[in-house]
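[1] please find the sequence and the predicted model below.
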Amino acid sequence: MKRREVLTSSLFLAGTLFAPKLLAADSRTGGFGYALTHQVQEKSAPEVLFTREVSGNGLVRIYDALKQKRQGRIGIKMTFETPGGPHLNPQTVKALADHTQATLIDNNCFSPRDTTERHLAVAKENGFDESIAPIDILDSEGSMDLPVKGYHLKFARTGSHFARYDTLISLVRFKAHFLDFYGGTLKNLSICMGTLEGKCLIHSAGEVSSYFSSRDDKTTCESMSDAVKAAMEAKKGRWVFINVIEAMEPADSCSGAKDLGNIGIVAGYDPVAVDQAAIDITFGAAPDAQTRQAWEERHSTMLTAIAEQNGVGHCRYRLREI
């Protein structure tokens, strides 16, 4: 992947032109001591719920506050992560899975999660097995295509078992200073929703499905937003989105980044707003506007603005603590 493409001003709307000014805690800061740059008071903006309780109880409480209408078979779309890598606490996930009688769902990935057997072995290593909840690897028996009209993709390719689920919960351990692209809800519904072929299609802007061929970051973000749009339209009105913001030591080269500890959980019905709130909370901790801009460029937070332009959701949000 080529790093770093020069960004146009329209793509800086994800948080760079609205870089934070350090403030005392007030209604705009959500008690974090700095401005949440995309938080607004307009009732037309999607509501994002927030709890400071990072636990099974906190997860169930914020989920219940969303008042999702559950019907049919329920799937919690998450990722079991890499062997020994940072991942959600299995007991936290179990609390929500038990509460909703849900199945944990994911697609196969690149090695060492490139087959269902190997994927389940990684899940077990990280504490996820049938004692936590039923697990369904969506592409264990083939794939299905989800049509979409977007920037580049004509369809997103996911596992055929996706058709089984009537109610969907996206559950993510939000990652700021970790991967090249920040890790949140939009990634969970795009690259992580793809089969191996689907992932290749996203990275290549729909041109290659048989091998990995990555384009520039802006194009990749556009394709990711296409895939999110496809997943949402395939199960329209049946998704809710949750980002868990836990303690995590930075694993990148961003100057001044530090472990912020267990911050809380954000949740809502708009995947862009939920990601943008988590971005504001984590990247907003930068000591100054220039540092935040560098952090966001490094981790491609332009994805939220691109997704908004693609009709996936809204960057502006109303934050309500429960």
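    Everything's here; your move.

[2] can you classify the closest residue to Val60 other than its chain neighbours as helix, strand or coil?
    Nearest residue to Val60 in three dimensions, chain neighbours excluded: His99, at 4.9 Å (Cβ to Cβ, 6 or more residues apart in numbering). Glycine gets a C-beta too; all of them are placed from N, C-alpha and C. When classified by DSSP: H, G, I helix; E, B strand; the rest coil, His99 comes out as helix.

[3] give the contact list for His99.
    60, 63-64 (Cβ atoms under 8 Å, 6 or more residues apart in numbering).

[4] list the beta-bridge partners for Gln39.
    Beta-bridge partners for Gln39, by DSSP bridges, are Tyr317.

[5] separation between it and Gln71?
    Going from Gln39 to Gln71 by Cβ to Cβ, to the nearest Å gives 32 Å.

[6] ok, the two, which is more surrounded?
    The neighbour count for Gln39 versus Gln71, taken as other Cβ atoms under 10 Å, is higher for Gln39 (20 against 9).

[7] what pLDDT does the more buried one get?
    Listed pLDDT for Gln39 reads 96.

[8] would you agree His314 is in contact with Val272?
    Yes - between His314 and Val272 a contact is recorded at 5.7 Å, counting by Cβ atoms under 8 Å.

[9] would you map the helices across the stretch 201-322 of the chain?
    Secondary structure of the stretch 201-322 of the chain (DSSP state H, counting those that start in this stretch): helices at 217-234, 271-283, 289-298, 302-309.

[10] which parts of the longest one are buried?
    Along helix 217-234, these residues count as buried under the neighbour rule (16 or more other Cβ atoms under 10 Å): 217-232, 234.

[11] residue contacts, Asp166?
    With Cβ under 8 Å, 6+ apart, Asp166 has these contacts: 71-74, 235, 238.

[12] buried only: go through those for me.
    By 16+ other Cβ under 10 Å, these give 74, 235, 238 as buried.

[13] give me the residues contacting stretch 308-318.
    For stretch 308-318, using Cβ under 8 Å, 6+ apart, the contacting residues are 10, 13-14, 38-43, 45-48, 150-151, 186, 222, 225-226, 228-229, 232, 268, 270-274, 276-277, 304-305, 307.

[14] er, stretch 121-133 actually
    Stretch 121-133 has contacts (Cβ under 8 Å, 6+ apart) with 76, 80-85, 87, 89-91, 93-94, 97-98, 102-104, 112-113, 135.

[15] out of the residues you listed, which are buried?
    Counted by 16+ other Cβ under 10 Å, those give 76, 80-81, 87, 89-90, 93-94, 97, 102-104, 113, 135 as buried.

[16] these in strands, which ones?
    76, 103-104, 135 (DSSP state E).

[17] pLDDT for the residues you listed - can I get that in JSON lines?
    Shown next, in JSON lines, are those (pLDDT from 0 to 100):
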{"residue": "Ile76", "pLDDT": "98"}
{"residue": "Thr103", "pLDDT": "98"}
{"residue": "Leu104", "pLDDT": "98"}
{"residue": "Ile135", "pLDDT": "98"}
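
[18] Ile263: which of the residues you listed is nearest?
    Using Cβ to Cβ, Ile76 is the member of those that lies nearest Ile263, at 21.2 Å.

[19] for the chain, spot the helix or strand the model is least confident about on average.
    helix 289-298 (a mean of 92; mean pLDDT, DSSP states H and E).

[20] give me the buried positions along that helix.
    With burial defined by 16+ other Cβ under 10 Å, the residues of helix 289-298 counted as buried are 289, 291-298.
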